[in-house]
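*Asks:* Next comes the sequence, and after it the predicted model I'd like to discuss.
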Amino acid sequence: MSTIELFPTPSQAPSIHAPSRLPGADDASTKALIHVLKDNHEKWHIFFNNVSRFHNHVAHHVLAIWALGANKDLIEAAYTFDIPFQKPVLEPTERITDVNFKDHLGDDSYHISYMNFFEKKIVENGVSQVLEEFVFSRGANITDGAAQDTQPVMLARFFAMLVHPLLHIGNGLEFGLPGMVVEGLALAAVHHGSDAHLLPASLFEESVAGLDALSAKILVLDNPPSARSRHQATKEVHAFDIIARIMKDKEFSSLPDPDMFKAIKDPKHSATIVAYANQWTLDIEGPEDVRRKIEELQWMNSLIYAVSGYNAKEKEFFADFYLMHLVTSSLFLPSFVAYLTPASQKVLIRGYFTISLAWFIARRPRSFDLDVTEFFEADVATPQARPSLSFNPPTWALVPGPSSANPWFPIIQDAIMHADDHVCKLQRAFVHFGEIYGMREAGGFAGTELRGAGGIDGSLFLRAAALTAKTTGRDFKDGEFQVWDR
């Protein structure tokens, strides 16, 4: 069997709508990155906790800080910090083949076996075909005549546990790392598909009107974001319309607080979530429509995280651990689109929207408290720089006094240095969204049903990043390292 290099030097992203890489990477830091990726692949299991199945984030961590410009020492320090949490890799059990592929789904003792299987498939068929066949096809999700609890439901596994398989594969696609795609596909295979009722069979039977003749390469989203929302010109149901409707629905607003997962796990509620997701307009006629719908998802998930977390009265911010994952995962949607056929792009986008709505509902009542006007009137867009990151300008400086010339600089610096890997991933997403949407003026969302949406502008991402930096950047007492709010 021929082979592929699992962890080559990272390549350029497959889409211009993927994040830029900040200056800082050099030969030494890149070699350190590749060493960590290979060592992690060979030594450590994809889960580090047998009960809760917490995920190994080593690769996510070092890739995010490398892309933000971290040097060799920081990359090695991040790995040193993460190693004590890891669990040694398990020896392969039974070999996975086309015949028994569905027999061991959900069993993490087969993780290495699934990795070996997917590596072989990618060598034979390439990444695009493997994603199509083993995640987005009807056959990967539905076995006709099989009982519900034995269905393969690979898309549900792909979106499982705060979309971690999507995150892992997305890193592989963005950075051109087949090894991470292999790991992520195996991660999906050993996850449980408990959210499958949010992804009905009808999802795989929809066709993408007008796109059947186009190749996936045409849909790489090579047009820049437009300053004007199409929602203004053509009345369609926007993502903001859907969350506004959900917040008014007593089926969800009246649910008791304690069990946040009830809205996701209860089939009665999941049927309503799917119905809301299907109200969202997803008429795709070309790459601009694909890009525009991804943009909606990135704005929606960023807004939900930021606005629901801000308490104007107390001037405090609740950095929601769960909603944060919706922001970081949306970053990778353009990279997925570059590898998928039009039909699978629609499955990805509709399915991701549905899962995002489920987590939005699960985090009620806080997530339902979206006072958009109050958030955008608050003076929260300037991060509080640490003393080491501020300076007294020389006499030739344009402005007197201590200053951070660019408010993003201290945010990025803190993100690279932070020991918690989620901080750098979230701030990297906000940096990118600030880059491509930051100049958006208020008024573009005024036609949506979300109260106060007319005041939403491109400062959303700097505001969210600054609030996150303040909350996650606080000093911790000895033995305490609870960075995120839950």
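*Replies:* Perfect, thanks for sending it.

*Asks:* can you tell me how far residue 114 sits from residue 63?
*Replies:* 22 Å (Cβ to Cβ, to the nearest Å). C-beta coordinates here come from the backbone N, C-alpha and C atoms, glycine included.

*Asks:* same thing with residue 136?
*Replies:* From residue 136 to residue 63 the distance is 24 Å (Cβ to Cβ).

*Asks:* For residue 197, give me its contacts.
*Replies:* Shown in contact with residue 197 (Cβ atoms under 8 Å, 6 or more residues apart in numbering): 267, 270-271.

*Asks:* Next, it: phi, psi?
*Replies:* Main-chain torsions, residue 197, degrees, to the nearest 10: phi -70, psi -10.

*Asks:* what does the model give it for pLDDT?
*Replies:* Looking at residue 197, its pLDDT stands at 93.

*Asks:* how close does it get to residue 350?
*Replies:* Taking Cβ to Cβ, one finds residue 197 at 15 Å from residue 350.

*Asks:* Check residue 94 too.
*Replies:* 35 Å.

*Asks:* More neighbours: these two, which one.
*Replies:* The neighbour count for residue 94 versus residue 350, taken as other Cβ atoms under 10 Å, is higher for residue 350 (20 against 11).

*Asks:* Helix or strand: which one has the more buried one?
*Replies:* Using DSSP states H and E, residue 350 falls within helix 342-362.

*Asks:* Check which helices and strands that helix is in contact with.
*Replies:* Judged by 3 or more Cβ pairs under 8 Å, 6 or more residues apart in numbering; DSSP states H and E, the packing partners of helix 342-362 are helix 160-175, helix 239-248, helix 262-265, helix 267-279, helix 287-309, helix 321-330, helix 333-337.

*Asks:* can you count the residues close to the nearest residue to residue 367 once chain neighbours are set aside?
*Replies:* Spatial nearest neighbour of residue 367, chain neighbours left out: residue 308 (4.6 Å); criterion: Cβ to Cβ, 6 or more residues apart in numbering. Counted with other Cβ under 10 Å, residues neighbouring residue 308 total 22.

*Asks:* ok, residue 308 - contacts?
*Replies:* Neighbours of residue 308 in contact, by Cβ under 8 Å, 6+ apart: 318, 320, 323, 363, 366-370.

*Asks:* The helices and strands packed on helix 342-362: which one's closest to residue 15?
*Replies:* Among those, helix 333-337 comes nearest to residue 15, with 4.0 Å by Cβ to Cβ.

*Asks:* Need the residues that contact that closest one.
*Replies:* So helix 333-337 is contacted by 13-15, 17-18, 131, 166, 169-170, 173-174, 219-221, 290-291, 294, 297-298, 345, 348-349, 352 (Cβ under 8 Å, 6+ apart).

*Asks:* CA-only coordinates of it in CSV, if you can.
*Replies:* Below are the C-alpha coordinates for helix 333-337, written out as CSV (Å, rounded to 0.1, in the frame of the first residue of the first chain):
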residue,chain,number,x,y,z
LEU,A,333,-16.9,25.7,7.7
PRO,A,334,-15.2,27.4,4.7
SER,A,335,-12.4,24.8,4.7
PHE,A,336,-15.0,22.0,4.7
VAL,A,337,-16.9,23.5,1.8
